[in-house]
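A.B. asks: would you be able to build a 3D model of this:
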Amino acid sequence: MVCPLCSQFEMKLDPRTSEAFDSYVKNVEHQLAQRWDGKSSFFASEDSPQDKKQLLQGKLVIKPGASPNPVEAPDGLIHDWVGAVFIPDTTLEKVMAVLQDFDAHSRIYPEILRSRMIKRDGNDLTGYWRVERKQQFVPATYDIEQEAQYQELSKGKWICRDHSTVIREVKDPGGKHESLFPAGEGLGLLWRLNAYWSLQATGGGVMAECRTISLSRGIPSGMGWMIKPFIQNVPRESLTSTLRNTRNAVGK
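C.D. replies: Residues are numbered from 1 along each chain as shown. Below is the predicted model:
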């Protein structure tokens, strides 16, 4: 599917936008290090008794990781979301097996059309996804390479740092003129994607929390009606889908 109006709004990623994202990520990673080092609660959801209660009742908890969200950057927007799910009657090994199985991700997560493991060295993995994200008016497809680094903090407690090393937008995906934009070019709805997982065996199951930080273009003048819903809604919906489908896959 080709968006007939989108080509006139193609752009290149400004180095200032990347620098703002890197600076923001550095601050988030410092916050996470405080949790992972035991200087504050391991999960953000532990800061709210209501959130913890909802999780144990089987509900997903999804919240902005920043206020306001998205965060403005030069010619861009930074999207920061935190989500958690409790997966009962399972083990950390089963949950991590799902998260680490790049070859199976296209069968687990609806937005991933194709996936494969590129390489693995112990707990360090590199994988490939073809991701389709779309709303009513805006189709967007990407070829993404992700690096995921898993680390055991203590018995029954793991973390994962996951970040994109390559994101290339696909032009005319599945069509006879399919091609890839150079990295950092295209409509700019997804320039960067980081995810940080906190995992702990507890209460006969596993608590899994994920914080996603992504970067998109700003909303171009005259295109807000079409692009604004995509930019505002898709990062949250994607995280919700990831948590729900991870739980479903572990249950199977």
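A.B. asks: C-alpha from now on. contacts and neighbour counts both.
C.D. replies: Will do.
A.B. asks: quick one, strands of the stretch 101-250 of the chain?
C.D. replies: 112-121, 124-134, 139-154, 157-171, 179-180, 185-186, 192-202, 205-217 (DSSP state E, counting those that start in this stretch).
A.B. asks: ok, which of those strands comes nearest residue 16?
C.D. replies: strand 205-217 (11.8 Å; CA to CA).
A.B. asks: tilt between that closest one and strand 157-171?
C.D. replies: 30 degrees (axes from the mean of the first three to the mean of the last three CA atoms, to 10 degrees).
A.B. asks: angle of strand 205-217 against strand 192-202?
C.D. replies: Using the same axes, to 10 degrees: strand 205-217 against strand 192-202 is 170 degrees.
A.B. asks: so what's the residue nearest the centre of the chain closest to, chain neighbours aside?
C.D. replies: Nearest residue to the geometric centre of the chain (CA atoms, centre = their mean): residue 212, 4.5 Å. In this structure, residue 212 finds its nearest non-sequential neighbour in residue 195, 4.4 Å apart by CA to CA, 6 or more residues apart in numbering.
A.B. asks: my read is that the one you found contacts residue 235, right?
C.D. replies: No. Here residue 195 lies out of contact with residue 235, judged by CA atoms under 8 Å, at a distance of 11.5 Å.
A.B. asks: the nearest residue to residue 169 once chain neighbours are set aside: neighbour count?
C.D. replies: Excluding the flanking residues, the one nearest residue 169 by CA to CA, 6+ apart is residue 142, at 4.4 Å. Residue 142 has 24 neighbouring residues, counting by other CA atoms under 10 Å.
A.B. asks: pull out the buried positions in stretch 239-252.
C.D. replies: 239-240, 242-247, 249-250 (16 or more other CA atoms under 10 Å).
A.B. asks: which other residues reach it?
C.D. replies: 60, 62, 81, 83-85, 87, 90, 94-95, 98-99, 108-109, 210, 212 (CA atoms under 8 Å, 6 or more residues apart in numbering).
A.B. asks: from these, which ones fall inside strands?
C.D. replies: 62, 81, 83-85, 87, 210, 212 (DSSP state E).
A.B. asks: circling back: rebuild the strands of the stretch 101-250 of the chain as a markdown table, extending it with distance to residue 19.
C.D. replies: Listed next are these as a markdown table, based on distance: least, CA to CA, whole Å:
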| stretch | distance to residue 19 |
| --- | --- |
| strand 112-121 | 28 |
| strand 124-134 | 24 |
| strand 139-154 | 20 |
| strand 157-171 | 15 |
| strand 179-180 | 24 |
| strand 185-186 | 16 |
| strand 192-202 | 12 |
| strand 205-217 | 11 |
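A.B. asks: most tightly surrounded among those strands?
C.D. replies: A comparison of the strands of the stretch 101-250 of the chain by mean neighbour count, using mean count of other CA atoms under 10 Å, puts strand 205-217 on top with a mean of 23.
A.B. asks: centre of the chain to it, how far?
C.D. replies: In this view, strand 205-217 has its centroid 5 Å away from the chain centroid, taken as CA atoms, centre = their mean, to the nearest Å.
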